[in-house]
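In: Got a sequence here, can you model it:
(chains A and B)
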Amino acid sequence: NAGVMQNPRHLVRRRGQEARLRCSPMKGHSHVYWYRQLPEEGLKFMVYLQKENIIDESGMPKERFSAEFPKEGPSILRIQQVVRGDSAAYFCASSPPGTSINTQYFGPGTRLTVL
Amino acid sequence: QQPVQSPQAVILREGEDAVINCSSSKALYSVHWYRQKHGEAPVFLMILLKGGEQKGHEKISASFNEKKQQSSLYLTASQLSYSGTYFCGTFGSSNTGKLIFGQGTTLQVKP
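Out: The predicted model follows:
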């Protein structure tokens, strides 16, 4: 049973470009969460999605960031017009359907570097 | 509100014990413990759902005191593989799926 998959693992962008981060949840999981981790800091919640629905986006910056989890395909975290402060590790986690207190399993992360 | 972990860092010798605490100013619904090694993904250790509950995984166990709004992680007879940063995550009083993590406790186990 494959775990949570994220790609790319490393992404380099210049300021002003767009970054697209992909996350495929574990098989059978329908809840996806995105977290951001700045260097030497903890994990900060960004958004919680279920298929075709955003459940909680209280951690998402108001501008430039968006997330989706379509009916088919991976969840996408999109960052438009990246700035140096967006450089971080972005982790996706998933949990099975049912109550959302289920354990969240993390993917390997995408390390975004903005030049 | 972010839970507070203590201590911030611990250095141990192999075989020694350690306790990591996680406390919150808000009522806790559940507590989740993860370990993260440098440059890797957080790995789930255990979840505690009830007040006073204790759980264990090999030589790592945890307790959850709902009244004190606190959880503690106990590492017994530590091994080199225990090194990493430990995070507690909480849902607070509502079941929203949004985990709020503490700032982390870095554990270093030396031979």
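In: so how far is the first residue of stretch A:48-67 from its last?
Out: End-to-end distance of stretch A:48-67 (C-alpha to C-alpha, to the nearest Å): 9 Å.
In: Can I take it that A:Gly85 is in a helix?
Out: Yes: judged by DSSP: H, G, I helix; E, B strand; the rest coil, A:Gly85 forms part of a helix.
In: OK, contacts around the closest residue to B:Leu80 other than its chain neighbours?
Out: Take B:Leu80 and drop its neighbours on the chain: the residue closest to it by C-beta to C-beta, 6 or more residues apart in numbering or on different chains is B:Val109, 5.2 Å away. Any C-beta I mention is one placed from the backbone N, CA and C, and that applies to glycine too. The contact partners of B:Val109, taken as C-beta atoms under 8 Å, 6 or more residues apart in numbering or on different chains, are B:Leu12, B:Arg13, B:Glu14, B:Glu16, B:Ser78, B:Gln79, B:Leu80, B:Ser81, B:Tyr82, B:Ser83.
In: tally of neighbours for the third one?
Out: The tally of other residues near B:Glu14 (other C-beta atoms under 10 Å in any protein chain shown) stands at 12.
In: what helix or strand is the residue nearest to B:Leu80 on?
Out: Here B:Val109 sits within strand B:105-110, counting by DSSP states H and E.
In: need the residues of chain A near chain B, please.
Out: Contact residues (C-beta under 8 Å from any C-beta of the partner chain) of chain A with chain B: A:31, A:33, A:35, A:41-45, A:48, A:55-56, A:58-59, A:91, A:95, A:99-101, A:103-109.
In: mind running it again at 7 Å?
Out: A:31, A:33, A:42-43, A:45, A:48, A:55-56, A:58, A:91, A:99-101, A:103-109 (C-beta under 7 Å from any C-beta of the partner chain).
In: Return a PyMOL selection command for the buried portion of the residues you listed.
Out: Listed next is the PyMOL selection for buried residues among the residues of chain A next to chain B, using 16 or more other C-beta atoms under 10 Å in any protein chain shown:
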select buried, chain A and resi 31+33+42+43+45+48+55+56+91+100+101+104+105+106+107+108+109
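In: And the strands in chain A, which stretches?
Out: All strands of chain A, identified by DSSP state E, fall at A:5-7, A:10-13, A:19-24, A:31-37, A:43-50, A:53-56, A:65-68, A:75-79, A:88-95, A:105-106, A:110-114.
In: could you dump these to a markdown table with mean pLDDT and distance to B:Gly97?
Out: Below are the strands of chain A laid out as a markdown table (pLDDT from 0 to 100; distance: least, C-beta to C-beta, whole Å):
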| stretch | mean pLDDT | distance to B:Gly97 |
| --- | --- | --- |
| strand A:5-7 | 96 | 19 |
| strand A:10-13 | 98 | 26 |
| strand A:19-24 | 98 | 15 |
| strand A:31-37 | 95 | 6 |
| strand A:43-50 | 94 | 5 |
| strand A:53-56 | 91 | 6 |
| strand A:65-68 | 97 | 14 |
| strand A:75-79 | 98 | 14 |
| strand A:88-95 | 96 | 7 |
| strand A:105-106 | 94 | 13 |
| strand A:110-114 | 97 | 21 |
